[in-house]
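S.K.: show me the folded form of this:
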Amino acid sequence: DQGGNYVLDEGWRRGLEAGGRWDRDLICQLARPYIETGWAHFRPEEEQNGFKAVFGVRAERVDDMIAGMRAGVEQNGKRAKFIFSGKGDWRYVDVVCEGAGKLEATVYVRSKLGFPAGRTVTCGDSGNDILMLSGAERAIAVGNAQEGLLDWIKSRGDRDKGRLFKANEGHARGMLEGLRQMGFC
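M.R.: I've put the predicted structure just below:
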């Protein structure tokens, strides 16, 4: 809103709720055993919302937690997407409803505003940006990108040439470098 408060777009909300296959309470319940062992913890409240649960997870337990939670979600007839990123001893695991994600949000906003994919740019620096950067939109990976994203870029080879740009500069300077390279400024 004009006061700077977050207001959920009603069309986006309806899309996220479609199908009734998301259950955030179930996600939190399935995470409890990992939290109780000290392998995981809830990330701060400002990172959470009704369509996403975010956890910090010990690096060596990420695969176990995702596999266990995914099995529990499926056994309960629900659906969720598991996205992990980060480096070091602790990683991030975002569990989001099926229709959520950075790519889906980009496509929704782009479509709502009437922008074509070729005139829309996404930027990222970590593994949780891979899905967004793999869309039809132009994409910039900034110079300070983490290893998981860099590995993905290498695996793409020339498939995304002209659409995906790997900047040398980090952070905002990398975004500007990419925008200049793409002819936006």
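
S.K.: rest of the way, CA atoms for contacts and neighbours
M.R.: OK.

S.K.: please name the nearest non-neighbouring residue to the residue nearest the centre of the chain.
M.R.: With distances taken as CA atoms, centre = their mean, the residue of the chain nearest its centroid is Asn128 (4.3 Å). Nearest residue to Asn128, sequence neighbours excluded (CA to CA, 6 or more residues apart in numbering): Ser85, at 5.4 Å.

S.K.: re earlier: residues in contact with the residue nearest to the centre of the chain?
M.R.: Ile83, Phe84, Ser85 (CA atoms under 8 Å, 6 or more residues apart in numbering).

S.K.: can you check Ala145 too?
M.R.: Gly124, Asp125, Ser126, Gly170.

S.K.: is the first one in a bridge, and if so with what?
M.R.: As for beta bridges, Gly124 partners with Ala141 under DSSP bridges.

S.K.: Ile140 is in contact with that one, correct?
M.R.: Yes - between Gly124 and Ile140 there is a contact under CA atoms under 8 Å: 6.5 Å.

S.K.: list the residues that contact both of the two?
M.R.: With CA under 8 Å, 6+ apart, Gly124 and Ile140 have common neighbours Leu133.

S.K.: pull the number of nearby residues for Gly183.
M.R.: 7 (other CA atoms under 10 Å).

S.K.: tell me which element it is part of?
M.R.: Using DSSP states H and E, Gly183 maps to neither a helix nor a strand.

S.K.: follow-up on the earlier one: how about the contacts of Ala145 in JSON lines, adding pLDDT?
M.R.: What follows is the contacts of Ala145, written out as JSON lines (pLDDT from 0 to 100):
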{"residue": "Gly124", "pLDDT": "98"}
{"residue": "Asp125", "pLDDT": "97"}
{"residue": "Ser126", "pLDDT": "94"}
{"residue": "Gly170", "pLDDT": "98"}
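
S.K.: right, I'll leave it there.
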